[in-house]
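**Q** Turn this into a structure:
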Amino acid sequence: MSGDVQVKFRSDKIIARRDTDEGWLGVQIEPMAVVVQIADGTRIKVWYDGSVTRTTAEDRTTIELDGSVFKRTEFAQAYMSGDGTEVGTETATHNASITESGVQSSLDDDWQTE
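**A** Numbers count the residues shown, from 1 in each chain. Alright, predicted model coming up:
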């Protein structure tokens with residue numbers, strides 16, 4: 001890989017950018033997080049508490065400090081607890097979850113035509 005690297009020092013962050021088609025394009029160091037921009041457009045943000053958010057054009061995934069995982073797309077949201085005992089998903093027409101209380105599923109009938 002070759003290319004120039006540009007470094008900016010600001011009062012609230014440090015930014016490093018480079019012109020390349022591979023690997024990382026930019027790194028931004030902020031007081032509360034470090035953000036890495038990958039060449040494919042993916043952004044990975046590592047928060048001060050250790051949680052991580054990965055954002056692409058299609059989805060956003062967050063791993064919380066306790067290990068819980070949240071995934072969001074245009075069409076659905078999903079969740080799994082850090083210990084794996086709870087799982088849930090939600091769409092515009094259907095909600096489902098598995099918890100210690102059991103399995104729950106609900107369908108929104110309003111979207112169906114008669």
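**Q** Got the confidence number for the most centrally placed residue in the chain?
**A** Taking CA atoms, centre = their mean, the centroid of the chain lies closest to residue 61, which sits 2.6 Å from it. Note for residue 61: predicted pLDDT of 98.
**Q** what's near enough to touch it?
**A** For residue 61, the contacting residues are 53-55, 69-72, by CB atoms under 8 Å, 6 or more residues apart in numbering. Backbone N, C-alpha and C define where each C-beta goes, glycine included.
**Q** List just the nearest of those to residue 41.
**A** Closest to residue 41 out of the contacts of residue 61 is residue 55 (9.1 Å), distances taken as CB to CB.
**Q** related to what we said a few turns ago, please report how far the residue nearest to the centre of the chain lies from residue 102.
**A** From residue 61 over to residue 102 the distance is 27 Å, taken as CB to CB, to the nearest Å.
**Q** Residue 34 now?
**A** Residue 34 is 41 Å from residue 102, by CB to CB.
**Q** okay, these two: which has more neighbours?
**A** Applying other CB atoms under 10 Å to residue 34 and residue 102 shows that residue 34 carries more neighbours, namely 15 against 7.
**Q** wait, isn't residue 32 in contact with residue 47?
**A** Yes: look at residue 32 against residue 47 with CB atoms under 8 Å: they come within range, at 6.5 Å.
**Q** Between these two, which has more neighbouring residues?
**A** Using other CB under 10 Å as the criterion, residue 32 and residue 47 rank with residue 47 on top: 16 against 8.
**Q** Touching, that one and residue 30? I think so.
**A** No: with contacts defined as CB under 8 Å, residue 47 does not count as touching residue 30, sitting 9.8 Å away.
**Q** Low-confidence ranges, the protein, go.
**A** For the chain, applying pLDDT under 70 flags the ranges 1-3, 109-114.
**Q** what about the strands in this structure?
**A** Assigned strands in the chain, in chain order: 5-9, 14-18, 24-29, 33-38, 43-47, 52-55, 59-63, 69-73, 76-80, 87-91, 94-99, 102-107 (criterion: DSSP state E).
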